[in-house]
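>>> quick one, fold the following:
(one chain, ligands or ions: 1)
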Amino acid sequence: MKKSETEFSSSRRETMKKLALGSTAGLFGLLGSPIANAQKKPIPNGYKAGMPVVKIKSVKAIATAPEGINLIVVKVETTEPGLYGLGCATFNQRAVAVVTAINSYLNDFCVGKDVDNIEDMWNSAYVSSYWRNGPVLNNALSGLDEALWDIKGKRANMPVYQLLGGKSRFAVDCYEHASGNTPEAVAESVQKYMAQGFRHIRIQQGGYGGTGALAQKPDFKAAGFGYEGDTYMNERAYLKSVPKMFEMVRKVCGDDVELLHDVHERVQPMDAINMIKAVEDYHPYFIEDPFSPENMEWFKQLRMSSSVPIAMGELFNNINEFKMPMVNQWFDYIRVHVSQIGGITPAMKIARLGEWFNIKTAFHGPGDVSPVGHSAHAHIDLAVWNFGIQEAVHFSDKLKTIFTGCPTMNNGYMSVNEVPGLGVDVNEKEAAKYPIGTKSNWQVRKSDGTIIRP
Ligand code: MG
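Below is the predicted model:
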């Protein structure tokens, strides 16, 4: 039978009275329950009814270059003996600057603070320099952020992916990187990775922008212009080579393997658009970084011209750079360098934003990310619904003597261990054997010597 209007009003009046008395416990019949009793006592540190307060004792950088790539890991030590966290702060090209930011600034900022309040720590560290969003400080912040998640996992006795919502999949599907100086060599490399179980393979002929496939000497070298390590890129040759490479790989390797390609922002926007149109028939899984971050407005033209899926964002170092392109659905895959935007906390925000627009993750996972960073990627990849693909990683034996508990690869999938936290540890004595360097060569030029971005 339907409740009468009078009965309805009377029960509503009762409810309103209880609310007006400020007694939510009374409303839910909890008076005398353990929850109500706990609410009577002021809890000095938020939720921590049962856990001791743990403070940060020190924050330091561990820098190592066992393979000639500068890796930086932040170690956060706490007031609880034996409890520490590790996070990736790797910025290969400006490693010493990041080490200084960690040891001289973050340490001072963090000592004595509560290890539990990651969100507050991230935001307060982010604005504490007033000017923010630089890659050096963001990498330092990433190391701190990931180390705090590592600590939280250890305190909760759970792997970090559990704290992010648990597993959405059994393992992390990865793509491999196939290369060669000719289309035939690229196809052969693709076959090799297919035989290893990879279902997704990125194809590059002659490296990014085809720089390694050219025999001819550029005019700037003959003129003695530029620096010794500068490489040459012939944009026209590159643009013509990509559709031919796709054609050959499809012919040799078939239609089932997913093919990816990275433009690496190195050509003019309209050239990139025309090239993407030219590879449409080979149905790429995605084309990566078609434009430099300075050319974002060209996405409108690209989206009107082609339906090839696009991955973007490797060079973004401000979390806000993702917002409008994602809201406008300008790309399909979030190609973020997690340590560049400040760690797990901002990466999760970008990933969650993507879920609303069906934009998936494709985190950048190159050699200049430490095993701690690769593990952080995999923990997020396991947890978020809108995971797309992850860049595969293989750790050398030398790296594995420094870092234990690294993610593992099997049949094209990456897995993490079930150790609480991020699951990776570092042997500081071994790490110290391989000092970092300050050399950075990333200059690519046209034949007349003009610098190509990036
Ligand atoms: Mg890239």
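
>>> all helices of the stretch 1-150 of the chain, in order?
For the stretch 1-150 of the chain, the helices defined by DSSP state H, counting those that start in this stretch cover 5-20, 24-27, 34-40, 95-100, 107-110, 118-128, 135-156.

>>> separation between the closest residue to the ion within the stretch 51-200 of the chain and Phe198?
As assessed by C-beta to the ion, the ion sits closest to His177 within the stretch 51-200 of the chain, at 10.0 Å. Every C-beta, even on glycine, is put in place using the N, C-alpha and C of the backbone. Look at His177 and Phe198: by C-beta to C-beta, to the nearest Å, they are 10 Å apart.

>>> now swap in Lys167 and tell me
Distance from Lys167 to Phe198, by C-beta to C-beta: 21 Å.

>>> ok, Ile452 - contacts?
Shown in contact with Ile452 (C-beta atoms under 8 Å, 6 or more residues apart in numbering): 209, 233, 235, 266, 444-446.

>>> meant to ask about Lys360
Counted by C-beta under 8 Å, 6+ apart, Lys360 has contacts 332-334, 354, 386-389.

>>> dihedrals phi and psi, it?
phi -100, psi 170 (degrees, to the nearest 10).

>>> which residues does the closest residue to it other than its chain neighbours contact?
Sequence neighbours aside, Gly388 is the residue nearest to Lys360 in space, at 3.0 Å (criterion: C-beta to C-beta, 6 or more residues apart in numbering). By C-beta under 8 Å, 6+ apart, the contact set of Gly388 is 332-334, 360-362.

>>> could you redo the last one with a cut-off of 10 Å?
Neighbouring residues of Gly388 by C-beta atoms under 10 Å, 6 or more residues apart in numbering: 173, 175, 200, 285-286, 309, 311, 332-335, 354, 359-363, 381.

>>> more neighbours: which of His177 and Phe198?
Phe198 (24 against 16; other C-beta atoms under 10 Å).

>>> confirm for me that Cys88 is in contact with Gly343.
Yes: the pair Cys88 and Gly343 passes the contact test of C-beta atoms under 10 Å, sitting 8.0 Å apart.

>>> quick one: common contacting residues for these two?
Contacts common to Cys88 and Gly343, judged by C-beta under 10 Å, 6+ apart, are 74, 139, 142-143, 145-147, 373, 376.

>>> save those as TSV, and put in pLDDT too.
As requested, those are arranged in TSV below (pLDDT from 0 to 100):
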residue	pLDDT
Val74	98
Asn139	97
Ser142	98
Gly143	98
Asp145	98
Glu146	98
Ala147	98
Gly373	98
Ala376	98
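
>>> next, count neighbours for Asn157.
Around Asn157 there are 9 residues (other C-beta under 10 Å).

>>> quick check: residues of the protein near the ion?
Counting by C-beta under 5 Å from the ion, the chain comes close to the ion at 262, 314.

>>> so, low pLDDT: which residues of the chain?
1-50, 213-215 (pLDDT under 70).

>>> center of it - which residue?
Val338 (2.8 Å; C-alpha atoms, centre = their mean).

>>> Pro407 contacts Ser370, correct?
No: Pro407 is not in contact with Ser370 according to C-beta under 10 Å; the separation is 11.5 Å.

>>> right, I'll call it a day here.
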